[in-house]
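Student: Based on what follows, work out the 3D shape:
(one chain, ligands or ions: 2)
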Amino acid sequence: MTDNAPDPALLAKAETLTEALPYLQRYAGATFVVKYGGHAMGDPELARDFAEDVVLLQAVGINPIVVHGGGPQIGAMLKRLGVESEFVGGLRVTDAETAKIAEMVLAGSINKEIVGWIGQAGGKGVGISGKDAGLVTAEKVQGREPNPLSGIERHVDLGFVGEPVAVDPSILRSLAAQGFIPVVAPIAMGVDGHTYNINADTMAGAIAAACGAKRFFLLTDVAGVLDKAGDLMTDLDPAGVAALQADGTISGGMIPKVETCVAAVQAGVDAAVILDGRVPHAMLLEIFTRRGAGTLVHV
Ligand SMILES: Nc1ncnc2c1ncn2[C@@H]1O[C@H](COP(=O)(O)OP(=O)(O)O)[C@@H](O)[C@H]1O
Ligand SMILES: CC(=O)N[C@@H](CCC(=O)OP(=O)(O)O)C(=O)O
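Tutor: Ligands and ions are numbered 1, 2, ... in the order given. Next up, the predicted model:
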C-alpha cells in the first residue's frame, strides 16, 4: 500500500455511502411511517439503534413518523394491578378500566421513553396520541371469532377497541415542517366521545395511508411472515395474504399486521415491510442497501 492509499475500512464506508446514493435520491422528501412494536422495544441497545435510524432518516431528507405499540408493557401493568386480560384475533378485549391503563402506559411512559431515545440520538421527537389535534377518530370494532366446532363466526364484544375511521394528518405535517419527529401512541377519541384502544399496527397503517407515505415499516420480533414450515416469505400480495389467513398460517398478532399492510398498499402506500426489530439497524439495511430483509407486501 502506498502512503496515500486509503484505509480499506474507510474505503468500505465510502462504498456503503455510494451504495445508498440512489436510495437517498429516490426517497428525499418522502414520508415513511414506522411502527415500533412492544416486543421490539425490550432491549435498550436496540432501542438506541432504532432511535438513531429514525434520526438518520430525517437527516437525509425523509419525514419519519413513528407509531408505537406496547402490548407486553400494557400486559405487565395490568398484571401488577391484578386486572385480567385476554386477546381475541390479535386484539385485546378492553373494558373501561383496561382502556384507562392502556392510555396511561401507551401515551404516558412508552411514548415519552421513545421521545427520550430520539432526543438522545440528536432528534426532536414530539409525543402525541391519536387524540391530539384530532389526528385519529375511532369507531368501535365489531369483534368476530371463528368457532372451531361449527366453523361459524361468533360475535365477540371487544369493549373499547377502536378502528380508525378518520385521520387528519395536519398535525403530523406541521410537526415535520418544523423539523420535529412525531411519535404517536395508538389511543384515539371515538365518535361517541369514549377513549378507544387501537391496535398499533392498525393505527400505523391508517396514518401511513392518510399521509400518502411511500414506505410503511412494521418492526416486530419475528423475521417477517413465516410459512407453515417456518421459512420467511419475502414477498406477498393481497391474494397471498388472504390465502395464508384462510389456511391459518397467520394467527394472533400477525393478523392485524398483514391486514393493515394490505389496507395501506391498497390505499396507495408503495410498499409495506414487516421487519425483524431484533436485528440491529434492520430499517437502514432495508432502506439503503440491496440486502433488504423481512416480508414485503405490495399490490
Ligand atoms: N405466519 C406467521 N409468521 C410470523 N409470525 C406469526 C405468524 N403467525 C402468528 N405469528 C405471531 O405474530 C407475532 C408478532 O405479533 P405481535 O406479538 O403482536 O408483535 P408486536 O408486539 O411487534 O406487534 C409473532 O411473534 C408470532 O408469534
Ligand atoms: C386493541 C389492542 O389490541 N391494542 C393493543 C395496543 C398496543 C399494541 O398494539 O402493541 P403491540 O404493537 O406491541 O402489539 C393492546 O392493548 O395491546
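Student: OK, contacts around the most centrally placed residue in the chain?
Tutor: Note on the chain: the residue nearest the mean C-alpha position is residue 35, at 1.5 Å, using CA atoms, centre = their mean. Shown in contact with residue 35 (CB atoms under 8 Å, 6 or more residues apart in numbering): 66, 67, 68, 69, 200, 201, 204, 205, 216, 217, 218, 219. From N, CA and C alone the C-beta is placed, and that goes for glycine too.
Student: give me the low-pLDDT residue ranges for this structure?
Tutor: 1-3, 145-154 (pLDDT under 70).
Student: what's the neighbour count on the residue of the stretch 1-150 of the chain found nearest ligand 1?
Tutor: Nearest to ligand 1, among the residues of the stretch 1-150 of the chain, is residue 37, at 2.3 Å (CB to the nearest ligand atom). Look at residue 37: counted by other CB atoms under 10 Å, it has 24 neighbours.
Student: so it makes contact with residue 221?
Tutor: Yes: between residue 37 and residue 221 there is a contact at 6.8 Å, judged by CB atoms under 8 Å.
Student: so can I have JSON lines of the contacts of residue 35 showing secondary structure?
Tutor: Formatted as JSON lines, the contacts of residue 35 follow (DSSP: H, G, I helix; E, B strand; the rest coil):
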{"residue": "66", "secondary structure": "strand"}
{"residue": "67", "secondary structure": "strand"}
{"residue": "68", "secondary structure": "strand"}
{"residue": "69", "secondary structure": "coil"}
{"residue": "200", "secondary structure": "helix"}
{"residue": "201", "secondary structure": "helix"}
{"residue": "204", "secondary structure": "helix"}
{"residue": "205", "secondary structure": "helix"}
{"residue": "216", "secondary structure": "strand"}
{"residue": "217", "secondary structure": "strand"}
{"residue": "218", "secondary structure": "strand"}
{"residue": "219", "secondary structure": "strand"}
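Student: for the residues you listed, which one is nearest residue 16?
Tutor: residue 217 (20.2 Å; CB to CB).
Student: so what's that closest one bridging to?
Tutor: residue 34, residue 273 (DSSP bridges).
Student: any idea how far it is from ligand 1?
Tutor: 12 Å (CB to the nearest ligand atom, to the nearest Å).
Student: residues contacting that residue?
Tutor: Residue 217 neighbours (CB under 8 Å, 6+ apart): 32, 33, 34, 35, 272, 273, 275, 283, 286.
Student: make it 7 Å
Tutor: 32, 34, 35, 273, 275, 283 (CB atoms under 7 Å, 6 or more residues apart in numbering).
Student: do the same with residue 30
Tutor: Residue 30 touches 62, 214, counting by CB under 7 Å, 6+ apart.
Student: Also residue 86?
Tutor: residue 93.
Student: any idea how far it lies from residue 102?
Tutor: 14 Å (CB to CB, to the nearest Å).
Student: now do residue 209
Tutor: 23 Å.
Student: cool, and residue 262?
Tutor: Taking CB to CB, one finds residue 262 at 25 Å from residue 102.
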